[in-house]
Structures are given as C-alpha cells and as structure tokens.
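K.L.:
3D, please:
(one chain, ligands or ions: 1)
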Amino acid sequence: MKKTVVVTGGAQGIGKACSLAFARAGYNVLINYNKSCEAALALADKLKQEGGFVAAFKADVAKRQEVFDMARFCIDTFGSIDVLVNNAGIAQCKLFTDITEDEWDNMININLKGVFNCSQAFLPYMIRKKYGRIINVSSVWGVSGASCEVHYSAAKAGVIGLTKALAKEVAPSGITVNCIAPGIIDTSMICGFSDEEINSLKNEIPACRIGVPEDVANCALFLAGEGSGYVTGQVISTDGGFAV
Ligand code: NAP
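P.N.:
Numbers count the residues shown, from 1 in each chain. Down below sits the predicted model:
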C-alpha cells in the first residue's frame, strides 16, 4: 500500500523539493501551505499530471485548530499518515536587543510550536498503527547559534530538543523522530544575503557550494524509508561539511 506524507510549507523551497521527491518516489503527498496558495495548487496539479495522488491544504502551523483540521483532511483523503515532514519555518535577521516581543513570539509559534502542533495532531494516527516517521527541519544555527538570529536559533535548538525527547517517547510505538539541520540552502530564505556574502559563505563550506533544496529532500527521503527504521533521535546535517 502506498504511504502518505505530509510536508508542511510544502509548496516552496525545501518543502517543494520534498513534495516533488516524495511524490516521485511513489508516496501520496499532502502539500501544506499558508500564504503560497497558487504555488501549492500548481504543484499539486503538476504532480497529479505525473500520476501522483496529491492534495494541497491551507493551514498556518502556528494555529492549532487549522493544523488539527489538516490532520482530519489528510485521513479523510488518503486514509492514513505515515510520514510527517515538519519543514515550515520563517527566518529573521535582527540584533537581539531590537527583537520585539511580537517577533519573538511569532518566531517561536511558527518554528517551534508549529512542530509541536503538527506532531501532536498526526501522532495519534501513527501510534494507532504502530508506524510513523517524523522528520523535523531544524538548522545549523539551531546547533551552533547565529549572531543576529537569536530567536531563530533558539526555536531551531528547541526543535532539536523536541526531536530527541519525542524520539525516546514514541520509539516503542514503532515511530522514529529525526531532525535535519541544513546549512546554507539556495531558497528565498537566503535572498537577504548579497552575492558577496554568499561567496564568502561558500569559502567556508568544504563542499565549495551552497546547498540546493534537493540535498535536504534526499535526506528526508532516506529518513522516511524502510531502511532507516533503526535511526531515531538524530540530527543529520545537510551542509556540505560547513558545521564539521
Ligand atoms: P522558504 O522558501 O522561505 O520556505 C518557507 C516555507 O515555510 C514556505 O513554504 C512557507 O509556506 C512555509 N511557512 C512559513 N510560515 C508558515 C506557517 N505559519 N504555516 C505554514 N507554513 C509556513 O524557505 P526554506 O529555505 O525552504 O525553509 C524551509 C525550512 O528550512 C525552514 O524551516 C527553514 O528554517 C529551514 N532552513 C532553511 C535553510 C536555508 O538556508 N534555506 C537553512 C537551514 C534551515 P507559505 O509560503 O505557504 O506561507
């Protein structure tokens, strides 16, 4: 039977690469989006034309009721949930002393509470069938901390803590929980960097290039696969050796 994956923020950047990779690997795909309605519907259409069983659903991962409605829609549409890719996220560059309380709350609500909301909404279905894969997208900055991204780094470090703790709690139910920590990946999230900054970052990356969304999607596919059932609670870097 075909497995079903939900990709949060699945219409853009890394999430889009995940939606494409999973659909082409034979998964049913639920593409979650918040603002990118047109892109989500276009991607769903494209993947349907390729023969995939794909749907798109709007939900703000920070809003609990919308996330639980999405879980219900997923079960009604596909009959199950096997893999959850918690990819949705935002970034912001700001001096720590200038971060407002609203900006702090927004960062934590989307990047950390969003993972809590989605995992809680989908886990009961995984526990019931004693099978599931949760893949959280953290960041290299959640591991090492980034200057002028304290709220982002804190949220992404929280995702790593959540991953490790939840992995222990649900392992007896046949569910793995792992984390991907991407380095610098070529998506709209890094559009604030100048060419000069990107070139200087490239010089710090042993692989001599910034990553592409497919680098992360391939790792997610591995973590979702049958062969990785004994891998849990791990943080896997997709960063070309940047953080080594
Ligand atoms: P992106 O192109 O800006 O995509 C961000 C995605 O998150 C979009 O699909 C967006 O969906 C979704 N999103 C944001 N807020 C949301 C919300 N409240 N509810 C639902 N979806 C929401 O950036 P990206 O680089 O692909 O980022 C994907 C993940 O990778 C993020 O968690 C990011 O922190 C992480 N990451 C990225 C890099 C990098 O260098 N690019 C490095 C490390 C980690 P809508 O457009 O529909 O709102």
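
K.L.:
Please count neighbours and contacts with C-alpha atoms only from this point.
P.N.:
Fine.

K.L.:
Select the longest helix from the protein.
P.N.:
Selection of the longest helix in the chain by residue count, based on DSSP state H, yields helix 150-170.

K.L.:
For that helix, enumerate the helices and strands it packs against.
P.N.:
Contact partners of helix 150-170 among helices and strands, from 3 or more C-alpha pairs under 8 Å, 6 or more residues apart in numbering; DSSP states H and E: helix 101-111, strand 132-137, helix 140-144, strand 175-182.

K.L.:
Report the angle between that helix and strand 132-137.
P.N.:
Counting by axes from the mean of the first three to the mean of the last three C-alpha atoms, to 10 degrees, helix 150-170 lies at 160 degrees to strand 132-137.

K.L.:
Columns mean pLDDT and distance to the ligand on top of the helices and strands packed on helix 150-170, output as TSV?
P.N.:
Shown next, in TSV, are those (pLDDT from 0 to 100; distance: least, C-alpha to the nearest ligand atom, whole Å):
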stretch	mean pLDDT	distance to the ligand
helix 101-111	98	5
strand 132-137	99	5
helix 140-144	98	6
strand 175-182	98	4
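
K.L.:
Put together JSON lines for those, with mean neighbour count on each row.
P.N.:
Listed next are those as JSON lines, based on neighbours: other C-alpha atoms under 10 Å:
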{"stretch": "helix 101-111", "mean neighbour count": "17"}
{"stretch": "strand 132-137", "mean neighbour count": "28"}
{"stretch": "helix 140-144", "mean neighbour count": "19"}
{"stretch": "strand 175-182", "mean neighbour count": "27"}
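
K.L.:
who's in contact with the spatially most central residue of the chain?
P.N.:
In the chain, the residue lying closest to the centroid (C-alpha atoms, centre = their mean) is residue 87, at 1.6 Å. Counting by C-alpha atoms under 8 Å, 6 or more residues apart in numbering, residue 87 makes contact with 7, 8, 9, 10, 14, 15, 136, 137.
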